[in-house]
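[1] no sequence for this one, just the structure:
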């Protein structure tokens, strides 16, 4: 034991560090989330949490299921690439419970000009108008049928 | 189908792995979704964007994005002939309420929708000290809101300005590529709401996805390619002046 | 805001607390490197500041993570850095560099150097103080010449490991910024080197100042030989630091890459006061001129003391401005290079000026306590003559 006498304090110091390390490792094994590292260096359970967030937009398939007539009308017109909720807003609640949750019709005065008001940066071929000059304040759906509008404003299309 | 013993032995580890993933990898409410079968990205067609801001509004409604912050936004570029390297850009309220008519003189004008690039070599997940932001096996960069420290290193590391500090959650936040929708077979809120098809969700592992035909026939670019982030936001007809 | 910024960029993410943090760690690294001069390179002149440097380094190192804690959105989750460190993250690895430097280098070196004093004090003190010293002995009262010789040897090895560790500590802080490829103001391989040298400059200036202030408070004459030597080292490291910073600047101007126009505009407008006036002229050129004067002309001792004091204060201001310009400057311009935002410091907010000032004062309070517990003054220690008789 004699040769260790003069480094006894260093051994004690090493012991303190070792205790600290052991405490850290035990603490780590207890507190680390169970799913950590399942798919990579992150908490696997986060994927479940993030994917189970509720929907706001039902998706056009859900709409077309119950409203095939509107879908058919739209499918033949220039608005065929538009999904229902693009204009009608998010309706997942209505799709889940059509009896009790009724959608509100969009305000045409606001709706159409979002896309069709003139803007220098819009693609040249895109139909765009100066709403005041074009209709003199009349609602768009006086002439245009929103589900299948025509290009010319001659009559209700 | 009759398997011999050798085949069964070979299949056992695979079955064990599969079972493990069945146990673990079924995000709630989407039991038929397998991460290994998808690789998500998005196609953005500049020639179709009309700057209506539907995507920005849809994103806000779907994901409760706090006011003044954006998971997606639309920029308008005005590039004059003599200053292609110094365009004039505006994005009032992220383009959420559309754009004022804009100036007609000289040069060209176009809209550029922006959002998280879901980079394969994402600088943001590289720097996250705790693994609170990560790249999923199906190619989406996500934030774990229950694990994020709020150090904001990821926000500094994103070259595209797609991340923000959520004022209520006190964590980093960004586009999830509507992970809760795409794992249920739906498209993202922004794509659902886009009236012109300027945005299209793309699954590169799905051989029937129209993205494959599109990429074959168009000149497609990503943002800031010199930073080599492995962006999966493919822009059709992207002008060189766009940053 | 001016021009165009990506909409999420308008708000700055890293404020004055993150400016403070590299400033504090820089002082730690610099003070330690000065202390190691005596131990490893046997620069006998700086011996009077050896223990003071170590205690200063410890006091500042204890405070260094506090601004980070205060800045986090979820400080209660900060242990995750140690529990699940992300291997590719510079910041995660920094946690371990910090811990290594604090525990394996600084605490052990101080403990070994003070062990004789601790044991004597444990034997002579009573009450809470006695209890503290007895705990610090770890139950070993062996201060035989053989044991102390071993301590000296081990301490030397720890210092030797400590120098690269101190380099690592602050070089690493530079790397945290220098490795962000998204940000051209930060992204340069020179960043860790510039941070390191500026750290040495600030640490040496701080110890120089602390030595003069503590001597004045104790009404003890300053050892001019020590002061002159430290000032000489301050001058040399400052010349290297300035050369590196100018290299970075000239390189940027000559290369003029895509970000240059934007950064150039920023330096001439938003950063004009803090970068050009305060950092370069007031905080670098002025102290360099003062220090070079003392190298060329022999002033009387009182004048030298005054010049050193002024130069040190200006240096600390300059290095703080440098941290400010790096951290804040890197967030004032848009990553689209088309616009600029502004930074407004809050006052009593969580990340405001008041907590920053408090955190700047705190290390001095800790240093005061440390000096009370472990007096660094060799001439006041009744054991000193004996201790150094063994060398």
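    Thanks, I have the structure now. Values in this document were obtained by computation on a predicted structure and should not be read as measured data. Numbering: from 1, shown residues only, chains lettered A, B, ... in the order given.
[2] you'd agree residue A:130 is up against residue A:116?
    No: using Cβ atoms under 8 Å, residue A:130 makes no contact with residue A:116, being 10.0 Å away. Yep, even glycine has a C-beta here, placed from its N, CA and C like the rest.
[3] of those two, who's got more company?
    The neighbour comparison of residue A:130 against residue A:116 (other Cβ atoms under 10 Å in any protein chain shown) goes to residue A:116, with 21 against 12.
[4] what's near enough to touch that one?
    Neighbouring residues of residue A:116 by Cβ atoms under 8 Å, 6 or more residues apart in numbering or on different chains: A:127, A:128, A:129, A:131.
[5] May I ask which of those comes out lowest in pLDDT?
    Within the contacts of residue A:116, residue A:131 has the lowest pLDDT, namely 85.
[6] Pull the number of nearby residues for residue A:59.
    Neighbour tally, residue A:59, other Cβ under 10 Å: 21.
[7] what's near enough to touch it?
    Taking Cβ under 8 Å, 6+ apart as the test, what residue A:59 contacts is A:83, A:85, B:181, B:186, B:187, B:192.
[8] Can I get the residues you listed in TSV including neighbour count?
    As requested, those are exported to TSV (neighbours: other Cβ atoms under 10 Å in any protein chain shown):
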residue	neighbour count
A:83	24
A:85	26
B:181	24
B:186	22
B:187	21
B:192	26
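[9] Which ones among those map onto strands?
    Among the contacts of residue A:59, no residue falls in strands (DSSP state E).
[10] Redo those as a markdown table? Include pLDDT and distance to residue C:256.
    A markdown table is the format used below for the contacts of residue A:59 (pLDDT from 0 to 100; distance: Cβ to Cβ, whole Å):
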| residue | pLDDT | distance to residue C:256 |
| --- | --- | --- |
| A:83 | 95 | 47 |
| A:85 | 96 | 49 |
| B:181 | 97 | 45 |
| B:186 | 96 | 48 |
| B:187 | 97 | 44 |
| B:192 | 97 | 45 |
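[11] ok, now how distant is whichever residue of chain C sits closest to chain B from residue B:162?
    At 1.9 Å from chain B, residue C:73 is the closest residue in chain C, using Cβ to the nearest Cβ. Shown here: residue C:73 relative to residue B:162, a distance of 18 Å by Cβ to Cβ, to the nearest Å.
[12] buried ones in stretch C:230-247?
    C:230, C:231, C:233, C:234, C:235, C:237, C:238, C:240, C:241, C:242, C:244, C:245 (16 or more other Cβ atoms under 10 Å in any protein chain shown).
[13] from what I can see the fifth one touches residue C:291, true?
    Yes: here residue C:235 reaches residue C:291: they are 4.1 Å apart, a contact under Cβ under 8 Å.
[14] need the contact list for the closest residue to residue B:210 other than its chain neighbours.
    Leaving aside its sequence neighbours, residue B:210 sits nearest to residue B:200 (Cβ to Cβ, 6 or more residues apart in numbering or on different chains; 7.4 Å). Listed by Cβ under 8 Å, 6+ apart, the contact partners of residue B:200 are B:42, B:43, B:45, B:191, B:210, B:211.
[15] Okay, now the sheet partners of the helix or strand hosting residue B:200, with direction.
    Using DSSP states H and E, residue B:200 falls within strand B:199-203. Strand pairing for strand B:199-203, determined by DSSP bridges: strand B:40-45 (antiparallel).
[16] Do me a favour and average the pLDDT over the strand it pairs with.
    Rounded mean pLDDT across strand B:40-45 is 98.
[17] Tell me which residues are up against that strand.
    B:112-113, B:115, B:118, B:138-140, B:177, B:182, B:188, B:191, B:197-204, B:211, B:214, B:220, B:232-237.
[18] One more: stretch C:340-356?
    Contacts of stretch C:340-356 (Cβ under 8 Å, 6+ apart): C:1-3, C:5, C:9-12, C:15-17, C:19-20, C:67, C:70-71, C:265-266, C:269-270, C:328, C:331-334.
[19] about what we covered before: can you tell me which of the contacts of residue B:200 are buried?
    B:42, B:43, B:45, B:191, B:211.
[20] for the residues you listed, which one is nearest residue C:312?
    Relative to residue C:312, the closest of those is residue B:42; by Cβ to Cβ it sits at 56.1 Å.
[21] how close does that closest one sit to chain C?
    18 Å (Cβ to the nearest Cβ, to the nearest Å).
[22] Tell me the pLDDT of residue 93.
    Just so you know, I chose chain A. Reading off the model, residue A:93 has pLDDT 95.
[23] hmm, I had chain C in mind actually
    89.
[24] Which helix or which strand is home to it?
    With DSSP H and E as the test, residue C:93 turns up in helix C:90-99.
[25] For chain A, tell me whether that helix is touching it.
    No: under the criterion of Cβ under 8 Å from any Cβ of the partner chain, helix C:90-99 makes no contact with chain A; the nearest approach is 9.8 Å.
[26] Quickly check: the helix or strand just after that helix near chain A or not.
    Once helix C:90-99 ends, the next helix or strand along the chain (criterion: DSSP H and E) is helix C:108-124. Yes: judged by Cβ under 8 Å from any Cβ, helix C:108-124 comes into contact with chain A through C:108, C:111, C:115.
[27] just how off-centre is helix C:108-124 within its chain?
    25 Å (Cα atoms, centre = their mean, to the nearest Å).
[28] now stretch C:215-222
    On Cα atoms, centre = their mean, the centre of stretch C:215-222 falls 24 Å from the chain's centre.
[29] Can you give me the buried ones in that stretch?
    C:215, C:222.
[30] go on, stretch B:221-241?
    Result for stretch B:221-241 [16+ other Cβ under 10 Å]: buried residues B:221-224, B:227, B:229, B:231-236, B:238, B:241.
[31] Stretch C:161-180 too?
    Those would be C:161-163, C:165-180, for stretch C:161-180 by 16+ other Cβ under 10 Å.
[32] what mean pLDDT does that stretch have?
    91.
[33] So that stretch, near chain B or not?
    Yes: Stretch C:161-180 comes into contact with chain B (Cβ under 8 Å from any Cβ), by way of C:176, C:180.
[34] from the chain's centre, how far out does stretch C:9-21 sit?
    Distance, centroid of stretch C:9-21 to centroid of chain: 19 Å (Cα atoms, centre = their mean).
[35] Next up, the contacts around whichever residue of chain A sits closest to chain C.
    Residue nearest to chain C within chain A: residue A:9 (3.5 Å; Cβ to the nearest Cβ). By Cβ under 8 Å, 6+ apart, the contact set of residue A:9 is C:115, C:137, C:138, C:140, C:142, C:147.
[36] Read off the pLDDT value for residue 84.
    All of this refers to chain A. 95.
[37] Please refer instead to chain B.
    Confidence score, pLDDT, at residue B:84: 85.
[38] these two touch, right, it and residue B:108?
    No: with contact defined as Cβ under 8 Å, residue B:84 does not reach residue B:108; the gap is 9.6 Å.
[39] what sits in contact with each of those two?
    Joint contacts of residue B:84 and residue B:108 (Cβ under 8 Å, 6+ apart) do not exist.
[40] contacts for stretch B:73-83?
    With Cβ under 8 Å, 6+ apart, stretch B:73-83 has contacts from A:121, B:49, B:51, B:53, B:55-56, B:87-91, B:94-96, B:99, B:102-103, B:106-115, B:239, B:241-242, C:4, C:6-7.
[41] what comes up buried for that stretch?
    B:73, B:74, B:75, B:76, B:77, B:78, B:79.
[42] and those residues, which two are the farthest apart?
    Maximum distance among these (Cβ to Cβ): 18.8 Å, for B:73 and B:79.
[43] Compute the first-to-last residue distance for stretch B:205-217.
    Taking Cα to Cα, to the nearest Å, stretch B:205-217 runs 19 Å from one end to the other.
[44] about what we covered before: in strands only, show me the contacts of residue A:116.
    Checked against DSSP E, the contacts of residue A:116 include nothing in strands.
[45] Need phi/psi at residue A:36.
    phi -70, psi 130 (degrees, to the nearest 10).
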